[in-house]
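> got a predicted model here, sequence first, then my questions.
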Amino acid sequence: MNKCQGCGILLQTVDPKKIGYAISENDKLCQRCFRIKNYNDYKLVTQENKSFIDVLKKINQTKDLVLLVVDVFTFNDLSIFYKYLNNDILLVITKRDILPKSLNDDKILNYFNYRCIDKILISSYKNYNFDYLFDLIKRYKKTDNIYIVGYTNAGKSTLINKLIYNYSNIKPIVTTSILPSTTLDTIKIKLNDLTLIDTPGLISKGNIINYLEPSMIKKIIPNKEIKPITYQVKEEQLFNVENLFKLKCSKVNLTFYLANQLEIKRQYKIIDLKEKYQQINIKANQDLVIEGLGFIKFTNDCIVNINCLKSVNVYTRKSLI
Ligand SMILES: Nc1nc2c(ncn2[C@@H]2O[C@H](COP(=O)(O)OP(=O)(O)OP(=O)(O)O)[C@@H](O)[C@H]2O)c(=O)[nH]1
Ligand SMILES: [Mg+2]
C-alpha cells in the first residue's frame, strides 16, 4: 500500500476506525486528511514521541541539511533535537506575522542562541523571506535531501507547501491544521532537484493544546499580528483569561501577548481564594509563559499567583520582546 500524501501514514482500506483508512486503493489521501482539507473537520490523533526519536536517529545517519522549524510565538526547549542530530542545522524561526511589526528582526534572531549553520526569520502566511530561505537551503545543502523537523504545530508542513507553491509547478498537498500531530509519518516531496522530507512534530506534554477542544484551540492560536495589552496594577487584582488561567498580582506593570480573540477580564474584588494558585517570583524584564497560550511581559520585580490547568507548563524566561 502507498503512503498518504497528506500526512505520510500508511494507507489501508480495511478498518475505517483506524488511522490511514482510505475508501479505495487508488486514493492519495487518507480519510482524515481528506476531511481536514475539504471540510475543515479535524480528527485528533494521539501520537507517541518514541517514533519521533527514531526519525531523528535516522536523520543523524545522513549528511543531509536539517531545517529546524521554531514557532516564534510558542517555542520550547530544543535540546532533544541537538541531542540526536549532528547534521548541519538551519534554524528557521517562523510565524513572524504574529509578533508586532515594530519589532526588530535582528533582535528576535539574536534571542535564539542555538548551534546552527545559519538562522532566518520567516512567515509562511505572509510569504516573508522565502526567497532568502530558498537561497540558504541551496547554499548549505550537502545532498539533495532536506529534512524539516520541529515541535508539532510549529508550521513545518505549511512551510513546505509554501516552498512547493513558490518554486515549482506542483500543487502543494501536505496536510496542515491547528491540531497537534497533523503529520503522522515522514513524507517525501519533490521540489525540482531537491527532496523535502516532512516529519511528524515533537509533542510537548506541557502545551495547553493537548488539553483543549478543537474549537478552543482555534481560539487560542493567533492567526494575525497580536495587539499587546498593557496594564498598570496598583491594588491587588485578578486577571481571568477565558477561565484558561487566572493571575493574581499587585504593584506590577504587565503586558499580555495572547491571541486577540481572547478576552481578559479584570476583577478587583477577589472572591475565588479556594482555588489552588502557584506562586511565581518574577524579575524585571522577564516573561511569564503559559505554554501554548502565550506570555506576559513584566517590567518590574514581583511575585504573582497563577491558577492554570495542572499539566500545563508555566515558567519564566528572559523577555522575548
Ligand atoms: N500565523 C501563522 N500561522 C502559521 C504559519 N505557518 C503555519 N501556521 C499555522 O500553524 C498551524 C500548524 O501548522 P502545520 O504546518 O500543520 O504545523 P506542523 O509543524 O506541520 O505540525 P505537525 O504536522 O503536527 O508536526 C496551522 O494552523 C498553520 O496554519 C505562519 O507563518 N504564520
Ligand atoms: Mg505537519
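Okay, I see it. Because the structure is a prediction, the values reported are computed rather than measured. Ligands and ions are numbered 1, 2, ... in the order given.

> residue numbers of the stretch 1-150 of the chain in contact with ligand 1?
Applying C-beta under 6 Å from any ligand atom, we find that the stretch 1-150 of the chain lies next to ligand 1 at 94, 95, 97, 98, 123, 124, 125, 150. C-betas here are computed from N, CA, C, even on glycine.

> now, those that are in strands?
Cross-referencing these against strands under DSSP state E gives 94, 150.

> can you select the buried ones from the residues of the stretch 1-150 of the chain next to ligand 1 in ChimeraX?
In ChimeraX syntax, the buried subset of these is picked out as below (16 or more other C-beta atoms under 10 Å):
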select :94,95,97,98,123,124,125,150
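
> now, which of the residues of the stretch 1-150 of the chain next to ligand 1 sits nearest ligand 2?
residue 150 (9.0 Å; C-beta to the ion).

> mind listing the residues bridging to the closest one?
For residue 150, the beta-bridge partners under DSSP bridges are residue 69.

> any idea how far residue 249 is from ligand 2?
Computed as C-beta to the ion, to the nearest Å, the residue 249 to ligand 2 distance reads 37 Å.

> so who does that residue touch?
By C-beta atoms under 8 Å, 6 or more residues apart in numbering, the contact list for residue 249 reads 233, 236, 237, 239, 302, 304, 305.

> ok, now how distant is the residue of the stretch 101-250 of the chain found nearest ligand 1 from residue 2?
Of all residues in the stretch 101-250 of the chain, the one sitting closest to ligand 1 is residue 201 (2.5 Å; C-beta to the nearest ligand atom). Taking C-beta to C-beta, to the nearest Å as the measure, residue 201 falls 22 Å from residue 2.

> tell me which of these two has more neighbours.
residue 201 (24 against 11; other C-beta atoms under 10 Å).

> nearest residue to residue 25 in space, please, no chain neighbours.
residue 13 (5.8 Å; C-beta to C-beta, 6 or more residues apart in numbering).

> repeat for residue 256
residue 229 (4.7 Å).

> neighbours of that neighbour, just the number please.
Quick note: residue 229 (other C-beta under 10 Å) scores 15 neighbours.

> and what of residue 309?
13.

> same question for residue 232.
Neighbours of residue 232 (other C-beta under 10 Å): 9.

> cool, and residue 206?
Other residues within reach of residue 206, judged by other C-beta under 10 Å, total 17.

> wait, it sits on residue 310?
No. The criterion here is C-beta atoms under 8 Å, and residue 206 misses it with residue 310 at 10.5 Å.

> quick one: the helices in the stretch 51-200 of the chain?
Per DSSP state H, counting those that start in this stretch, the stretch 51-200 of the chain carries helices over the ranges 79-84, 105-111, 130-140, 156-167.

> what residues are up against the nearest residue to the residue of the stretch 101-250 of the chain closest to ligand 1 once chain neighbours are set aside?
Leaving out its chain neighbours, the residue that sits closest to residue 201 by C-beta to C-beta, 6+ apart is residue 152, at 3.1 Å. By C-beta under 8 Å, 6+ apart, residue 152 lies in contact with 47, 180, 181, 182, 200, 201, 202, 203, 204.

> what's the separation between residue 207 and residue 9?
22 Å.

> now residue 122: closest residue in space, sequence neighbours ignored.
The nearest residue in space to residue 122 (C-beta to C-beta, 6+ apart) is residue 129, at 4.4 Å.

> what is the neighbour count of that neighbour?
For residue 129, the tally of surrounding residues (other C-beta under 10 Å) stands at 19.

> got phi/psi on it?
Dihedral pair for residue 129: phi 70, psi 20, per degrees, to the nearest 10.
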